[in-house]
Structure formats: C-alpha cells, structure tokens
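J.: A predicted structure for the sequence below; I have some questions about it.
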Amino acid sequence: MKRFLVILILLAPVAALVIFSCFDLLPARGLTGIRMETMKQRILHYARTHNELPKTAADLPLLTSRDNTVQDGWGRDIRFEIATNGIVTLTSLGRDDRPGGTGDDADITRAFPAHNPQGGWSEETVAWSADSLVK
C-alpha cells in the first residue's frame, strides 16, 4: 500500500501535465498580445545593442525566461514595420489571417515609439501608442 501511494504521488504531477497540455489555457488573442510585448522588448534591446533597429525578426536577440516566439496565437508570423518617424508597428491579422474582421478574426495591431523624446532609444517598458490599443 505504501509503495502504491509513493508511485501515485510521483505520477500525479506527470499525469496533470499531460492532461493540462491538451487544453489551450491561454486564448490565441491573449497569447498574441504577450508575444507582441516580448517582441517589443527584443526590438528595443537590439536597438540599444546595435544602435539601429532590426531589419527582420530573425535579427532579434533571445531574452531569457521569455516566450521568444515571433508567431501569433494562430501560428503565423507577427508582422513588424518601422515607419520613417521611428514608430514600430506589430500586426497579427487574427484567426482568419485577413485584414479586418471581428472577434478572433479581428486584427491585432500595436505600435510604439523606438525613440524617447530626448532622441535616445525607448526603454523596453515604453507604453504602446494609445490609438493602437483600441483595434
């Protein structure tokens, strides 16, 4: 009986992990937002290290203890564009991968300034532009 309890105690966490890994615990839209936040931090980290913005997502440095994935919650690449005024925009076209839409099909767009008002690189914690949060 004692042996059975020990085995049960040792296998319970493994069984729980297997069971919970079968479920999406985080909705795709929420996961996309988290990954965009990490991408923002990685972009600004690259900028401070290389004194320029990255050209592609492949250039981004890996951050420890973070989800460094550059795909949205539906498995498609998060797009990023850099405007001439230094605003960086990250975009996911949502579940349907088409512009527009509602619910999970709606686009997710976030933008942030690469430079602070003094002309230096923004901190990794810089806020998203307010107008990009309403989409």
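T.: That came in fine, so what should we check first? Numbering: from 1, shown residues only.
J.: rest of the way, CA atoms for contacts and neighbours
T.: OK.
J.: in which helix or strand does residue 66 reside?
T.: Counting by DSSP states H and E, no helix or strand carries residue 66.
J.: measure the nearest residue to it once chain neighbours are set aside to residue 118 for me?
T.: Of all residues beyond its chain neighbours, the one nearest residue 66 is residue 38 (7.2 Å), with distances taken as Cα to Cα, 6 or more residues apart in numbering. According to Cα to Cα, to the nearest Å, residue 38 stands 24 Å off from residue 118.
J.: between those two, point out the one with more neighbours.
T.: Using other Cα atoms under 10 Å as the criterion, residue 38 and residue 118 rank with residue 38 on top: 20 against 7.
J.: stretch 97-110: end-to-end distance?
T.: Distance between the two ends of stretch 97-110: 16 Å, counting by Cα to Cα.
J.: in it, what's buried?
T.: For stretch 97-110, the neighbour count (16 or more other Cα atoms under 10 Å) marks 105, 106, 107, 108, 109, 110 as buried.
J.: what pLDDT does the model give the fourth one?
T.: At residue 108, the pLDDT value in this model is 96.
J.: tell me the contacts of it?
T.: Shown in contact with residue 108 (Cα atoms under 8 Å, 6 or more residues apart in numbering): 29, 91, 92, 93, 94, 135.
J.: closest to the centroid, which residue in the protein?
T.: residue 35 (0.7 Å; Cα atoms, centre = their mean).
J.: okay, and that one sits in which element?
T.: Using DSSP H and E, residue 35 falls within helix 28-50.
J.: got the CA positions of whichever helix or strand comes after that helix in CSV?
T.: Beyond helix 28-50 on the C-terminal side, the first helix or strand identified by DSSP H and E is strand 79-82. Once non-C-alpha atoms are left out, strand 79-82 reads as follows in CSV (Å, rounded to 0.1, in the frame of the first residue of the first chain):
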residue,chain,number,x,y,z
ARG,A,79,4.5,41.4,-38.9
PHE,A,80,6.5,44.4,-37.9
GLU,A,81,7.0,47.6,-39.8
ILE,A,82,9.2,50.6,-39.0
